[in-house]
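> here is a sequence together with a model predicted from it:
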Amino acid sequence: INGATYEEDINLTQAEFYDRLKEGAEISTSQPSPETVTSMWDRVLEEYDQIVHIPMSSGLSGTCQTAIMLAEDYDGRVQVVNNQRISVTQRQSAMDAMEMAAAGMDAAAIREVLERVKMESSIYIMLDTLKYLKQGGRITPAAAALGTLLRLKPVLQIQGEKLDAFSKARNMKQAKSVMITAITRDLENRYNDPEAEHTWLEVAHTCNQEAAEELAAELRALYPKTKEIRIDPLSLSVACHIGEGALAIACSK
């Protein structure tokens with residue numbers, strides 16, 4: 001932010017981040033330096049035998065490829081998982097890894113499972129503004145101006161390694177309907193789990209807690225047999241590219 005480096009939830013809170021965003025600060029993301037990564041691994045390996053390292057999707061950041069290269073010097077003690085997840089689905093991968101570790105699986109076996117199921121997740125994100133995608137050069141100024149003029153709410157998707165356009169909606173109500181329909185289709189056709197009994201459902205947002213709680217309540221009513229539906233803020237590494245007011249539904253088998 002304005003040339004200074006911050007780490008999410010370590011020396012930068014969600015509230016501080018959105019204050020700086022509203023002020024028009026210059027904000028960008030960067031992968032951690034190789035020294036930062038290896039020094040963390042070295043500290044952890046003083047106490048533990050192995051590490052399962054789960055970076056964000058290789059399709060969205062160079063972090064994963066860097067970690068894979070660095071892990072070559074650790075004789076198998078560091079297993080880097082390239083399972084194409086980000087934010088709330090990446091968090092679920094970490095929770096799944098902890099469960100497998102508690103069951104006695106080693107790091108290599110955990111990596112193998114997480115990479116095998118990498119396509120069994122989806123994220124659908126409704127954006128409230130196109131301003132930040134335009135600033136980052138991810139859409140043209142003309143497309144951003146047209147979307148703003150028409151008050152469109154674009155819905156993006158992450159399945160596998162890429163962030164892609166999915167649909168357009170006129171308002172938040174329609175965008176929520178688009179996302180719920182997409183998740184319903186995934187549960188029925190991709191996961192063969194129409195009642196979400198064996199699928200994690202998650203709601204995420206950027207500075208949009210009230211709308212996220214309403215969306216989670218709608219999902220609970222639709223899928224009473226599912227487990228807890230978590231509500232989390234989207235990672236700031238995502239938020240800086242899409243701005244505040246975004247709303248997302250995610251699922252992981």
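Here it is on my side, so go on.

> do you have the helices of this structure handy? List them.
14-23, 34-45, 63-71, 87-102, 107-116, 131-135, 141-149, 172-185, 209-222, 236-242 (DSSP state H).

> with only the CA atoms kept, save the longest one in PDB.
The C-alpha trace of helix 87-102 is given here as PDB (Å, rounded to 0.1, in the frame of the first residue of the first chain):
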ATOM      1  CA  SER A  87      -9.500 -17.900  -0.400                       C
ATOM      2  CA  VAL A  88     -12.400 -19.900   1.300                       C
ATOM      3  CA  THR A  89     -11.900 -23.100  -0.800                       C
ATOM      4  CA  GLN A  90      -8.100 -22.900  -0.100                       C
ATOM      5  CA  ARG A  91      -9.000 -22.600   3.600                       C
ATOM      6  CA  GLN A  92     -11.100 -25.700   3.300                       C
ATOM      7  CA  SER A  93      -8.100 -27.500   1.800                       C
ATOM      8  CA  ALA A  94      -6.100 -26.600   4.900                       C
ATOM      9  CA  MET A  95      -8.900 -27.900   7.100                       C
ATOM     10  CA  ASP A  96      -9.100 -31.200   5.100                       C
ATOM     11  CA  ALA A  97      -5.300 -31.500   5.400                       C
ATOM     12  CA  MET A  98      -5.400 -31.100   9.200                       C
ATOM     13  CA  GLU A  99      -8.100 -33.900   9.300                       C
ATOM     14  CA  MET A 100      -6.000 -36.200   7.200                       C
ATOM     15  CA  ALA A 101      -2.900 -35.500   9.300                       C
ATOM     16  CA  ALA A 102      -4.800 -36.300  12.500                       C
END
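
> quick one: that helix to helix 107-116, angle?
140 degrees (axes from the mean of the first three to the mean of the last three CA atoms, to 10 degrees).

> what's helix 87-102 in contact with?
52, 54, 56-57, 81, 83, 85, 109-110, 113-114, 121-123, 158, 200, 202, 204, 230, 232, 234-235, 238, 248, 250, 252 (CB atoms under 8 Å, 6 or more residues apart in numbering). Backbone N, C-alpha and C define where each C-beta goes, glycine included.

> by neighbour count, sort out the buried ones in those.
52, 54, 56-57, 81, 83, 85, 110, 113-114, 121-123, 158, 200, 202, 204, 230, 234-235, 238, 248, 250, 252 (16 or more other CB atoms under 10 Å).

> no more questions from me, cheers.
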